[in-house]
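K.L.:
From the sequence below, what's the structure:
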Amino acid sequence: MAWVSVHDNVIGKKLRELAKELDSTQEEALGVLVSLWLWGLNNADKEGRIVNADKDDILEAFTLKLVGKLDGSSIVDALIRTRWLDEPAPGSLYIHDWEQWQEQWYKAMERREKDAIRKAESRRRTGGSQEAPESGDPGELPFPEVEQGKETQAPKRQEYPKEFEEFWAAYPRKDDKGQAYKKYHARRKDGFSAEELLTAAKNYAAQCKRKKTEREFTKQAKTFLSETTPFIDYLPKREAPADETPKEDGGNPFGKYREDS
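P.N.:
Below you'll find the model as predicted:
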């Protein structure tokens with residue numbers, strides 16, 4: 001049975017903006033989001049990328065009676081304008097902060113998958129003589145079994161570049177460092193400097209501290225550095241270079257040197 005998490009901090013400025021875009025109540029706008037997220041469980045990957053689907057396919061998620069004043073395409077465009085959906089490139093759609101909103105669902109699925117593998121291995125070792133208990137709600141798994149006489153080797157410690165270690169030290173949530181580094185490396189290849197990524201991490205950490213954001217609602221670093229580049233929101237706005245061409249004499253750069261005849 002599929003389920004989605006709806007956190008209380010979803011009710012805020014962005015939801016009000018969506019309601020205004022849809023010309024609906026906030027309750028109706030929230031219903032649109034829940035419908036989108038339920039649809040996303042089967043149509044988006046773990047990072048929120050909508051797979052093999054376009055804007056028309058996304059319309060399957062909605063009950064249009066909720067917002068009858070708008071046609072279907074307007075609903076999808078409204079979600080993009082209010083950043084509940086991201087469109088980093090034409091035809092590429094992501095559910096914004098998907099991993100943050102539905103983290104608990106994916107953790108539950110991972111636990112269920114590991115539990116099923118463990119039970120299958122147990123039945124294989126016992127020749128199927130033991131009946132595996134029926135699966136219920138996912139819970140904590142026992143420690144893995146170790147065959148007697150075999151020593152386990154400690155995993156080699158992953159070494160990371162100094163620049164990433166500085167980013168990691170500044171970032172407010174320490175989860176899945178390996179995946180975070182992969183995203184960090186990818187963004188560096190995209191042209192973002194180590195200084196920019198460090199600045200974004202510090203600014204986001206400061207915001208989380210100021211707003212007293214709970215850990216479970218703090219973005220994981222791999223999400224913060226994902227392809228949709230949410231970290232850009234925490235970088236100083238780049239000012240356009242000033243036009244140094246003198247404006248005297250109708251924009252003629254040599255006008256000020258002209259002598260009266």
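K.L.:
Can you spell out which helices and strands pack onto the helix or strand containing residue 201?
P.N.:
For residue 201, the enclosing helix or strand under DSSP states H and E is helix 194-211. Other helices and strands packing on helix 194-211, by 3 or more C-beta pairs under 8 Å, 6 or more residues apart in numbering; DSSP states H and E, are helix 162-170, helix 177-189, helix 221-224. Heads up, the C-betas are built off the backbone N, CA and C, glycines and all.
K.L.:
tell me the most buried of these?
P.N.:
The highest mean neighbour count among those belongs to helix 221-224 (a mean of 24), with neighbours defined as mean count of other C-beta atoms under 10 Å.
K.L.:
Only the C-alpha atoms, please, for that helix, written as CSV.
P.N.:
Output of helix 221-224 as CSV, limited to C-alpha atoms (Å, rounded to 0.1, in the frame of the first residue of the first chain):
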residue,chain,number,x,y,z
ALA,A,221,23.6,17.2,0.9
LYS,A,222,23.1,15.0,-2.1
THR,A,223,19.7,16.6,-2.6
PHE,A,224,21.1,20.1,-2.0
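K.L.:
Now that helix: average pLDDT?
P.N.:
On average, the pLDDT along helix 221-224 is 93.
K.L.:
List the contacts of it.
P.N.:
Contacts made with helix 221-224 from outside it, assessed by C-beta atoms under 8 Å, 6 or more residues apart in numbering, are listed as 47, 97, 99-100, 167-168, 171, 173, 175-177, 179-180, 182-184, 200-201, 204, 230-231.
K.L.:
re earlier: okay, angle between the helix holding residue 201 and helix 177-189 too, please.
P.N.:
Between the axes of helix 194-211 and helix 177-189, defined by axes from the mean of the first three to the mean of the last three C-alpha atoms, to 10 degrees, the angle is 130 degrees.
K.L.:
So what touches helix 194-211?
P.N.:
Taking contacts as C-beta under 8 Å, 6+ apart, the residues outside helix 194-211 that touch it are 163-164, 166-167, 170-172, 184, 187-188, 213, 218-219, 221, 224-225, 231-232, 234-236.
K.L.:
Mind doing that once more with 7 Å?
P.N.:
With contacts defined as C-beta atoms under 7 Å, 6 or more residues apart in numbering, helix 194-211 is touched by 163, 166-167, 170-172, 184, 187-188, 218, 224, 231, 234-235.
K.L.:
now, which of these sits nearest residue 122?
P.N.:
Sorting the contacts of helix 194-211 by distance to residue 122 puts residue 218 at the head of the list, at 36.8 Å, by C-beta to C-beta.
K.L.:
The closest one: what's it in contact with?
P.N.:
Contacts of residue 218 were listed using C-beta under 7 Å, 6+ apart, and they are 172-173, 208.
K.L.:
What sits closest to it if chain neighbours are left out?
P.N.:
Of all residues not flanking residue 218 in the chain, residue 173 sits nearest, at 4.5 Å (C-beta to C-beta, 6 or more residues apart in numbering).
K.L.:
ditto for residue 25
P.N.:
Leaving aside its sequence neighbours, residue 25 sits nearest to residue 19 (C-beta to C-beta, 6+ apart; 6.3 Å).
K.L.:
any idea which helix or strand carries that neighbour?
P.N.:
In this assignment (DSSP H and E), residue 19 forms part of helix 13-22.
K.L.:
In three-state terms, how would residue 87 be classified?
P.N.:
Recorded secondary structure, residue 87: strand (DSSP: H, G, I helix; E, B strand; the rest coil).
K.L.:
Give the burial count for it, as a bare number.
P.N.:
18 (other C-beta atoms under 10 Å).
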